[in-house]
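Colleague: model this:
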Amino acid sequence: MNNFDKLKSLSTDDLDAAKIAKSLSEHQTIIINFVLIVGSLILVIGMFNTNRAKDQDMHIRISQVQQKLDAIKARDTAIVNLNEFKSSLPQKLNEVELITVISNYAKLGNITISSLTPAESKNLGFYDLINVSFDAESSDFKRMMLFLRKIETSKFPLRVDTWTGHEDEAGKMTFQVNISAVIIHT
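Modeller: The predicted structure is shown next:
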């Protein structure tokens, strides 16, 4: 406590400027070295903080760019998948093309179409349904079945909904067929 009392009683008159100047000049190199060391430390800490802030900013930017690249890759993958899906859908055809396809299959199978009911198209939201009915003749049962099979295994989305027929004594088939086609909206 004694030392603190001395400090409290110290005044500016007790300080001797000459002694302080002499002491500073004697320890000048130590003081300069101390100031240089402290200054260098402050400078290094400042540079470190600046570089650390720049590094953090760079990492944030890299992360943002990576997220954008990931989003672009995801979009590209989705586009490829969508195109693959669309290409896997059956080929489209309209009412006229449907009648042409059926006529071509009939010609290939030596089937005679005697009457044809025009195609009827219904929009059912995500797809259209086209219905066609016709009467046909075949020289035998086997040709008729091959013709109907050709329709159902077509690259187009065709389905034989109903068919009825009868065979005469000579083996000639007459039959009626209802066919539907599905056109998916893309």
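
Colleague: Next, the contact list for Asp168, please.
Modeller: Applying C-beta atoms under 8 Å, 6 or more residues apart in numbering, we find Asp168 in contact with Thr174. Any C-beta I mention is one placed from the backbone N, CA and C, and that applies to glycine too.

Colleague: So that it lines up with my notes, have the first residue be 8 from now on.
Modeller: Sure, I'll start counting at 8 from here, so that last one is Asp175.

Colleague: got the phi/psi numbers for it?
Modeller: phi -90, psi -180 (degrees, to the nearest 10).

Colleague: cool, Ser32 as well?
Modeller: Taking degrees, to the nearest 10, you get phi -70, psi -30 for the backbone angles of Ser32.

Colleague: And Leu136, by the same measure?
Modeller: When read as degrees, to the nearest 10, the backbone of Leu136 gives phi -120, psi 120.

Colleague: Leaving out the residues flanking it, which one is nearest to it?
Modeller: Of all residues not flanking Leu136 in the chain, Lys129 sits nearest, at 4.8 Å (C-beta to C-beta, 6 or more residues apart in numbering).

Colleague: any idea which helix or strand carries the one you found?
Modeller: Lys129 belongs to strand 119-130 when assigned by DSSP states H and E.

Colleague: Check the chain for its longest helix and report it.
Modeller: helix 35-95 (DSSP state H).

Colleague: Let me know the average pLDDT across that helix.
Modeller: Mean per-residue pLDDT for helix 35-95: 87.
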